[in-house]
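>>> Okay, here's the prediction I keep looking at, along with the sequence it came from:
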Amino acid sequence: MVKEEAEQKKKLKDDFEKKVVVDNKHFYVNTLEKSNVSQLDRFINLREDDCKKIGLRHSKRRISEMVERQILATKSVE
């Protein structure tokens, strides 16, 4: 019984290997990022393109408040 199961497994494996047409049966994917990529290059779409996500957009009132705060902070600096 065990010998017959072993023969069946071997036959299935041999049949599969006959159907394989590639040289190497192992599939490797290179998912590593390049080590010399800087943070600025990685997020260039966030810095230069318009913001597409509504939750990340600032309202005009919020932008004007931030500009006012920046102007007040730079007035006191000599």
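Received the coordinates, thanks.
>>> Look at H26 and give its secondary structure.
With DSSP: H, G, I helix; E, B strand; the rest coil as the basis, H26 sits in coil.
>>> go on, H58?
Here H58 is recorded as coil under three-state DSSP.
>>> got a pLDDT number for it?
The model reports H58 with a pLDDT of 75.
>>> For it, list the residues it contacts.
Going by CB atoms under 8 Å, 6 or more residues apart in numbering, H58 touches M66. C-beta coordinates here come from the backbone N, C-alpha and C atoms, glycine included.
>>> phi, psi of it?
phi -90, psi 140 (degrees, to the nearest 10).
>>> Can you tell me the element K11 falls in?
helix 2-19 (DSSP states H and E).
>>> Render the CA-only coordinates of that helix in PDB, please.
Provided in PDB are the C-alpha atoms of helix 2-19 (Å, rounded to 0.1, in the frame of the first residue of the first chain):
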ATOM      1  CA  VAL A   2       2.800   2.500   1.000                       C
ATOM      2  CA  LYS A   3       4.800   1.400  -2.000                       C
ATOM      3  CA  GLU A   4       1.900   2.100  -4.400                       C
ATOM      4  CA  GLU A   5       1.300   5.500  -2.900                       C
ATOM      5  CA  ALA A   6       5.000   6.400  -3.300                       C
ATOM      6  CA  GLU A   7       4.900   5.200  -6.900                       C
ATOM      7  CA  GLN A   8       1.800   7.400  -7.600                       C
ATOM      8  CA  LYS A   9       3.400  10.400  -6.100                       C
ATOM      9  CA  LYS A  10       6.600   9.800  -8.100                       C
ATOM     10  CA  LYS A  11       4.500   9.400 -11.300                       C
ATOM     11  CA  LEU A  12       2.600  12.700 -10.600                       C
ATOM     12  CA  LYS A  13       5.900  14.500 -10.000                       C
ATOM     13  CA  ASP A  14       7.400  13.100 -13.200                       C
ATOM     14  CA  ASP A  15       4.300  14.000 -15.200                       C
ATOM     15  CA  PHE A  16       4.500  17.600 -13.900                       C
ATOM     16  CA  GLU A  17       8.200  17.900 -14.700                       C
ATOM     17  CA  LYS A  18       7.500  16.700 -18.300                       C
ATOM     18  CA  LYS A  19       5.000  19.500 -18.700                       C
END
